[in-house]
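Chemist: build the 3D model from these lines:
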Amino acid sequence: MSDTKSNNLSRDERLAAKLRENLRRRKAQGRDLANPASESGESRVSKDDAGG
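Modeler: Below is the predicted model:
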């Protein structure tokens, strides 16, 4: 039973991390759409890809 409990915790942690990553990406995407003249969004995307 403890194996499935620890497995669920790690799964929950993975899901939480993916949700946070998705939220950051979508917020950055929204900022870029709100300010299309800004080039800071492009550097943010390349920085995220490099850090991946």
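
Chemist: which intervals of the protein have sub-threshold pLDDT?
Modeler: Residue ranges of the chain with pLDDT under 70: 1-3, 38-52.

Chemist: what about the helices in this protein?
Modeler: Using DSSP state H, the helices of the chain run over residues 2-34, 40-51.

Chemist: packing partners for the first one?
Modeler: Contact analysis of helix 2-34 by 3 or more C-beta pairs under 8 Å, 6 or more residues apart in numbering; DSSP states H and E lists helix 40-51 as its packing neighbours. For every residue, glycine as well, the C-beta is placed using N, CA and C.

Chemist: again, 6 Å this time
Modeler: Contact here means 3 or more C-beta pairs under 6 Å, 6 or more residues apart in numbering; DSSP states H and E; on that basis helix 2-34 packs against no helix or strand.

Chemist: can you point out the buried residues in that helix?
Modeler: residue 32 (16 or more other C-beta atoms under 10 Å).

Chemist: please shift the residue numbers so they start at 49 in all later answers.
Modeler: Okay, residue one is now 49; in that scheme the one you just asked about reads as helix 50-82.

Chemist: measure residue 85 to residue 69 for me?
Modeler: Distance of residue 85 to residue 69, given as C-beta to C-beta, to the nearest Å: 26 Å.

Chemist: quickly note the distance from residue 60 to residue 81.
Modeler: Residue 60 sits 31 Å away from residue 81, going by C-beta to C-beta.

Chemist: and what of residue 67?
Modeler: As for residue 67, its distance to residue 81 is 21 Å (criterion: C-beta to C-beta).
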